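Engineer: pasting a predicted model and its sequence here:
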Amino acid sequence: MTARISHARRGLVIVGSALGALALTLSGAAPVAAAEDVQSKQWYLDALYAEKIWKKTTGKGIKVAVIDSGVNPNTPSLKGQVLKGVDATVKEGGSTNDTNGQGTTTAELIAGTGKGGGLRGLAPGAKIIPIRVPLLKHDELPPGTWIKRDPLYYAIRAAADSDAQIIAINLWNEHAIGNNAYQDSAAEYAASKGKLLIAGTGDNAKDGNKPLYPARERLVVGVSSVDKQGHVADYSQHGDDVHLAAPGADIPRWCDTSFKRYCDGGGASAATAIASASAALIWSAHPDWTANQVLRVLFETASRDWEKNSRSSYLGHGIVRPISSTVRGKGSPGSPNVNPLTHKDPADSKSPSASPSSQQPKGKTKDRANPNEAGGETNDNSQLGLVLGTAAAVAALAAGAFALTRKRRNA
C-alpha cells in the first residue's frame with residue numbers, strides 16, 4: 001500500500017521547501033557571508049529527518065575513511081572528529097592537511113558537529129580517517145610517476161588496512177579517462193576486508209557522460225546527485241554504475257583552503273558524503289551487520305517510484321533514506337557474505353539483480369523518484385520531504401510561512 005504524508009505534515013514540508021527555494025533564489029551563487037548562515041542551507045537534513053534519526057543513532061562507533069584532498073581537523077565542526085590518517089601521495093609520512101577544501105567539506109557533511117555554525121554532518125557521531133590524494137581535472141592525464149605508484153591504489157589499500165568500516169572516495173573527476181587494474185585490485189582487497197566503498201559517479205554529464213572511476217569499479221557503490229525536488233542534477237553522470245542517489249545539489253562547501261567562508265556548491269562529492277553518512281547511521285544502529293548487509297538495506301529502503309528489483313540509470317535503486325531502517329526497522333539484511341553488487345542473495349528472491357538494466361523502468365520519469373510512493377513509512381515515508389513546491393507555490397506559500405512556523409514551535 002502506498003504510504004502517505006498527513007496534510008498537516010505536508011503543509012509544513014512544502015513551506016520549508018518554499019523558504020529554502022526563496023533563500024537559494026536570493027543568494028544565487030554568491031559566497032555565504034558567514035559560517036553561522038550555512039546550516040540554513042543544509043536542506044537535506046530536514047528532508048532525511050535527521051533529528052528523528054539522531055534520537056536512535058548518530059553514527060557512533062563507525063569510522064569513515066575519506067579519500068579526498070585531505071582534511072582540516074581544526075574547523076569548529078571537526079574538532080575531535082578526525083583521527084590519524086595517511087598521505088597516499090608519498091611513500092612514507094606526509095601531511096593530511098587539505099589542499100583544496102573539498103576533503104574538509106566531505107568530512108563535515110559526514111561527521112561535522114555543527115559547532116561554530118559550521119556544517120552539520122548527517123552522522124555526527126562517526127569519526128573521520130583522512131586519506132589524502134591529489135585531485136585532477138576532468139580527463140586530465142595523471143603524471144607519469146603514477147604508472148609506478150598510483151596514489152589512489154595506495155589510498156584504497158591504506159583505508160582497507162585502517163579501522164574504517166566505510167571508505168568514501170571523492171576525487172573530483174580523477175580517472176575519468178578509464179580504468180586502472182591496480183585500483184580494481186585495491187577495491188577487491190578492501191571488499192575482502194569487509195569495507196563498504198562508496199564513490200560519486202561524477203559531475204560531467206554535459207561533457208560526454210564518460211564513466212568515472214573508481215565509481216565504475218564493480219565493488220564500488222556509485223552515487224548520483226539529486227536536488228530538492230528529487231530530480232537527478234543535470235550535471236550528474238548516469239549509467240550502469242549508478243547504484244544509489246543522494247542529495248548533492250545546492251549544498252554548501254568550503255570555498256578554499258583559507259577556511260574563512262562557505263560557498264554554494266554541491267555535486268558528486270556532497271552526494272558521496274551523504275550516502276556514506278547514511279551507511280554509517282545504519283551500521284551504527286546494527287553493529288553486527290556486515291558491509292553487504294548494510295548495503296542491501298540501503299538498496300531495499302531507498303526511495304523510488306518503480307519496482308524494487310528494477311534499477312534506474314539515473315538514480316540506481318533510489319535515493320538514500322536512512323530513517324526507514326534506523327527508526328522504522330525496514331529492510332532485510334539478508335546473507336552476510338553475499339555482496340549485492342555482484343550476486344543475487346539466494347536467501348531473498350527479491351534482492352537486487354546482479355545485472356540491472358541501464359534503462360529507466362518503463363512508464364517512470366527518467367530522473368525523479370516520487371517521495372510519496374517510497375512505500376512503508378507512515379508520516380515519515382518521504383525521502384525528500386522538501387520537494388513538492390513549484391515556483392508558483394513558493395510565492396503563494398511564503399506569506400504564510402512565518403505564521404505556520406510560529407504555530408509549529410508553540411505546538
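Structural biologist: Nice, thanks for sending it over.

Engineer: show the average pLDDT along stretch 120-131.
Structural biologist: For stretch 120-131, mean pLDDT is 98.

Engineer: neighbours of Gly80, how many?
Structural biologist: 10 (other CB atoms under 10 Å). Backbone N, C-alpha and C define where each C-beta goes, glycine included.

Engineer: and the nearest residue to it once chain neighbours are set aside, bridged to which residues?
Structural biologist: If the residues on either side of it in the chain are set aside, Gly80 comes closest to Thr113, at 7.8 Å by CB to CB, 6 or more residues apart in numbering. Beta-bridge partners of Thr113, counted by DSSP bridges, are Arg120.

Engineer: ranges for the strands of the stretch 101-250 of the chain?
Structural biologist: 127-132, 166-169, 196-200, 221-226, 244-247 (DSSP state E, counting those that start in this stretch).

Engineer: switch these over to a markdown table; also include distance to Arg328 and mean neighbour count.
Structural biologist: A markdown table is the format used below for the strands of the stretch 101-250 of the chain (distance: least, CB to CB, whole Å; neighbours: other CB atoms under 10 Å):
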| stretch | distance to Arg328 | mean neighbour count |
| --- | --- | --- |
| strand 127-132 | 26 | 27 |
| strand 166-169 | 22 | 31 |
| strand 196-200 | 21 | 29 |
| strand 221-226 | 21 | 31 |
| strand 244-247 | 19 | 31 |
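
Engineer: closest one to Trp254 among the ones you listed?
Structural biologist: Set against Trp254 and scored by CB to CB, the strands of the stretch 101-250 of the chain come closest in strand 127-132, at 14.3 Å.

Engineer: which elements pack onto that closest one?
Structural biologist: Judged by 3 or more CB pairs under 8 Å, 6 or more residues apart in numbering; DSSP states H and E, strand 127-132 is in contact with strand 63-68, strand 86-87, helix 102-111, helix 151-161.

Engineer: tell me the strands beside the shortest one, with direction?
Structural biologist: According to DSSP bridges, strand 86-87 forms sheet pairs with strand 127-132 (parallel).

Engineer: quick one on the thing from earlier: reformat the strands of the stretch 101-250 of the chain as TSV; add distance to Asp184.
Structural biologist: What follows is these, written out as TSV (distance: least, CB to CB, whole Å):
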stretch	distance to Asp184
strand 127-132	18
strand 166-169	13
strand 196-200	11
strand 221-226	14
strand 244-247	20
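
Engineer: what's the closest of those strands to Tyr49?
Structural biologist: Nearest to Tyr49, of all those, is strand 244-247, at 12.6 Å by CB to CB.

Engineer: right, and the helix or strand after that closest one?
Structural biologist: strand 253-254 (DSSP states H and E).

Engineer: next SSE after that next one?
Structural biologist: Next in line after strand 253-254, if elements are assigned by DSSP H and E, sits strand 262-263.

Engineer: ok, that next one: who's next to it in the sheet?
Structural biologist: strand 253-254 (antiparallel).

Engineer: got the contact list for the partner strand?
Structural biologist: 75, 101-102, 104-105, 108, 261-266, 269-270 (CB atoms under 8 Å, 6 or more residues apart in numbering).

Engineer: go again with 6 Å.
Structural biologist: 101, 104-105, 263, 265 (CB atoms under 6 Å, 6 or more residues apart in numbering).

Engineer: could I get these as JSON lines with pLDDT?
Structural biologist: Output for these, formatted as JSON lines (pLDDT from 0 to 100):
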{"residue": "Gly101", "pLDDT": "95"}
{"residue": "Thr104", "pLDDT": "98"}
{"residue": "Thr105", "pLDDT": "97"}
{"residue": "Cys263", "pLDDT": "94"}
{"residue": "Gly265", "pLDDT": "92"}
